[in-house]
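Chemist: Predicted structure and sequence below. I'll ask about it afterward.
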Amino acid sequence: MFLKFFPTPLLFLLLCSLSTILADYDADPTRSTMEQFSGYPTQEPDSVSSFSVDAVSSFSVDAQGLQKQIDELSNFSDTPSPSVTRILYSKMDVFARRYIKNLMGLSGLSIREDAVGNIFGRWEGYEPELTAVATGSHIDAIPYSGKYDGVVGVLGAIEAINVLRRSGFKPRRSLEVILFTSEEPTRFGISCLGSRLLAGNEALMKSLETVVDSQNISFFDAARAAGYANDEEDLPSVFLKKGSYSAFVELHIEQGPILEEEGISIGIVTAIAAPASIKVDFEGNGGHAGAVLMPNRNDAGLAAAELALAVEKHVLESGSIDTVGTVGILELHPGAINSIPSKSHLEIDTRDINEMRRNTVIEKTHQSAITIAKNRGVRLSEFKIINQDPPALSDKSITKAMQAASQELNLSHKLMISRAYHDSLFMARISPMGMIFIPCYKGYSHKPEEYASIEDIANGVKVLALTLTKLSLY
Ligand SMILES: *[C@@H]1O[C@H](CO)[C@@H](O)[C@H](O)[C@H]1NC(C)=O
Ligand SMILES: *[C@@H]1O[C@H](CO)[C@@H](O)[C@H](O)[C@H]1NC(C)=O
Ligand SMILES: *[C@@H]1O[C@H](CO)[C@@H](O)[C@H](O)[C@H]1NC(C)=O
Ligand SMILES: [Zn+2]
């Protein structure tokens, strides 16, 4: 089924006349010389915006084709359907990448891959010297997860390009679809590996020289097996300069329940919360659970328990609903019912859209860890901040473009915060950034039950396509 939204003979006529205008416009050498000279379109701004107003009703998403691609891509998995497991540089990851590159080729995009396997598909604009507008997401999947996380933003971006081609649109700024390498930390413990590197992270580049996976396979051996990183020295070539793109937009499932609960089609992300994670180790004295009396204990397990509660307390003290903290890992050694824990290990995740508030939680947690260790006579052998990323604010002009696009498409929308982080968090360091959310079933994600309806996905693709036209003509 080929979904056509609101086709009427009149609009079709308008569109035809419009593509004629645009074709003439492209063909006029005087005008294009003037434009190259001035750097600005000589076309009246009115007719630029009227393109979107008229063409928008003709936007047709091939919903059935897109659903088929989502299903086919989910087949490249190391676990049986409906679960998806697609680990960085595995055979299935390589097959899936090949599948995406083939689709990019069919959409007429020219393809470039960098040394770690970020993939770029480019549609050259009629002013190719201008910085491009980019969109994209990831296709790697944690073990036993679903088929929509990330995938909607890659296949959806390619379909948005197809929508624009069918509508007769000609981009002024080039448009690029990006597939980011390893958004998930599964294999090497590094999340958003591709986009962090694109944003020029030298410390990460250094650490890749030594990092190994659980099978003791080095990052570079794994990358080479997938056809990348043939020259280790070449890693700095992945870095993109600040300002390489004039805008970056990511389409993604919400991974939360708000849009579905409120019956809203489109979420426009205004900020991505700042994540931080911390590893903590306490060392006390073990002993027999019966023989050692309570006053004589230095229980590392109770220190960990007390710190977990302290994290909750410090988060609540911030007074903001946007501050969150989680102790998702709490391990006791030796882990026997009749043995006092001699060692404990916690991993703490805390996030906020306000970086200072988030950092206050980290600082207070550190102070608590020191105090708890002292009071319980245990040693705080490690308090290590693994990552402490700043939050990212969406760019106002991109948010406005996304709002206008939703309005012109008559889609209900609301402004919201992304509490999960995405490649966009890192793209924001080198480009103005925005994100489009679509509803997903009960907010489920990272499990096989993850689901988004093709109607919601098609809406997201249309908003993305229209937003890209605005950003490309700008
Ligand atoms: C997935 O793979 C199986 C077995 O290789 C095949 O029978 C099935 O048609 C594939 N499904 C899709 C949607 O490609
Ligand atoms: C991992 O591989 C390195 C280099 O091949 C080797 O020196 C080291 O002993 C290995 N470590 C383990 C735990 O197997
Ligand atoms: C949006 O609604 C208005 C008013 O009902 C209508 O004129 C317009 O064609 C609609 N646009 C789209 C893209 O459906
Ligand atoms: Zn994702």
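Modeler: Thanks, I have it. Ligands and ions are numbered 1, 2, ... in the order given.
Chemist: Would you mind measuring from the closest residue to S265 other than its chain neighbours to Q64?
Modeler: Using CB to CB, 6 or more residues apart in numbering and skipping residues adjacent in sequence, the residue nearest S265 is L411, 4.3 Å away. Yep, even glycine has a C-beta here, placed from its N, CA and C like the rest. L411 sits at a distance of 20 Å from Q64 (criterion: CB to CB, to the nearest Å).
Chemist: With V461 instead?
Modeler: Counting by CB to CB, the separation of V461 from Q64 is 13 Å.
Chemist: Just want to know which of these two has more residues nearby.
Modeler: The neighbour comparison of V461 against Q64 (other CB atoms under 10 Å) goes to V461, with 30 against 12.
Chemist: before we move on, the earlier item: touching, the residue nearest to S265 and G460? I think so.
Modeler: No. L411 is not in contact with G460 according to CB atoms under 8 Å; the separation is 9.2 Å.
Chemist: so what sits against both of these two?
Modeler: Contact criterion CB atoms under 8 Å, 6 or more residues apart in numbering; residues shared by L411 and G460: I266.
Chemist: For D423, which residues are in contact?
Modeler: Applying CB under 8 Å, 6+ apart to D423 gives the contacts 136-138, 180, 183, 192, 194-195, 250.
Chemist: Now rank these by neighbours and give me the top one.
Modeler: For the contacts of D423, counting by other CB under 10 Å, the largest number of neighbours falls to E250: 32 neighbours.
Chemist: pretty sure that one is touching I436, no?
Modeler: Yes. E250 is within contact range of I436, at 7.3 Å (criterion: CB under 8 Å).
Chemist: Wait, a strand at I385?
Modeler: Yes. Assessed with DSSP: H, G, I helix; E, B strand; the rest coil, I385 lies in a strand.
Chemist: That one - nearest residue in space that isn't next to it in sequence?
Modeler: In space, and not counting its chain neighbours, I385 is closest to I278: 5.4 Å by CB to CB, 6+ apart.
Chemist: buried set for the strand or helix carrying L155?
Modeler: Using DSSP states H and E, L155 sits in helix 151-167. Neighbour counts using 16 or more other CB atoms under 10 Å place 151-164, 167 of helix 151-167 among the buried residues.
Chemist: Next up, the contacts around whichever residue of the chain sits closest to ligand 3.
Modeler: The nearest approach of the chain to ligand 3 comes at N410, 3.8 Å away (CB to the nearest ligand atom). Applying CB under 8 Å, 6+ apart to N410 gives no contacts.
Chemist: On the three-state scheme, the closest residue in space to S207 that isn't next to it in sequence is what?
Modeler: In space, and not counting its chain neighbours, S207 is closest to I190: 7.8 Å by CB to CB, 6+ apart. Secondary structure state of I190, per three-state DSSP, is coil.
Chemist: which residues touch L88?
Modeler: If a contact means CB under 8 Å, 6+ apart, then L88 has 140, 181-182, 184, 186-188, 193, 222 as its contacts.
Chemist: and stretch 359-373, average pLDDT?
Modeler: Averaged across stretch 359-373, pLDDT comes to 98.
Chemist: Could you export it as CSV, CA atoms only?
Modeler: C-alpha atoms of stretch 359-373 as CSV (Å, rounded to 0.1, in the frame of the first residue of the first chain):
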residue,chain,number,x,y,z
ASN,A,359,27.5,17.6,39.3
THR,A,360,26.2,18.6,42.8
VAL,A,361,24.7,15.1,43.1
ILE,A,362,28.1,13.6,42.1
GLU,A,363,29.9,15.8,44.6
LYS,A,364,27.5,15.0,47.5
THR,A,365,27.7,11.3,46.6
HIS,A,366,31.5,11.4,46.8
GLN,A,367,31.3,13.1,50.2
SER,A,368,28.8,10.5,51.4
ALA,A,369,31.1,7.7,50.2
ILE,A,370,34.0,9.1,52.2
THR,A,371,31.8,9.6,55.4
ILE,A,372,30.2,6.2,55.1
ALA,A,373,33.6,4.5,54.7
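Chemist: Show me the contact partners of that stretch.
Modeler: Contact with stretch 359-373 is made by 276, 278, 280, 282, 303, 306-307, 310-311, 314-315, 317-318, 323, 325, 348, 350, 352, 378-380, 383, 385, 388, as judged by CB under 8 Å, 6+ apart.
Chemist: Repeat that for stretch 291-299.
Modeler: Applying CB under 8 Å, 6+ apart, the contact partners of stretch 291-299 are 284-285, 287, 340-341, 376-378.
Chemist: same question for it, mean pLDDT?
Modeler: Stretch 291-299 carries an average pLDDT of 97.
Chemist: Run the chain-centre distance for it.
Modeler: Mean-position distance between stretch 291-299 and its chain equals 48 Å (CA atoms, centre = their mean, to the nearest Å).
Chemist: And for stretch 126-138?
Modeler: The answer for stretch 126-138 is 17 Å, by CA atoms, centre = their mean.
Chemist: Over to stretch 268-282?
Modeler: 14 Å.
Chemist: Secondary structure class of the residue in the stretch 151-300 of the chain that ligand 4 sits nearest to, three-state.
Modeler: Nearest residue of the stretch 151-300 of the chain to ligand 4: E183, at 5.4 Å (CB to the ion). At E183, secondary structure determined by three-state DSSP is coil.
Chemist: Let's see the pLDDT reported for the closest residue to it other than its chain neighbours.
Modeler: Once flanking residues are discounted, E183 sits nearest to H138: 3.6 Å by CB to CB, 6+ apart. The model reports H138 with a pLDDT of 98.
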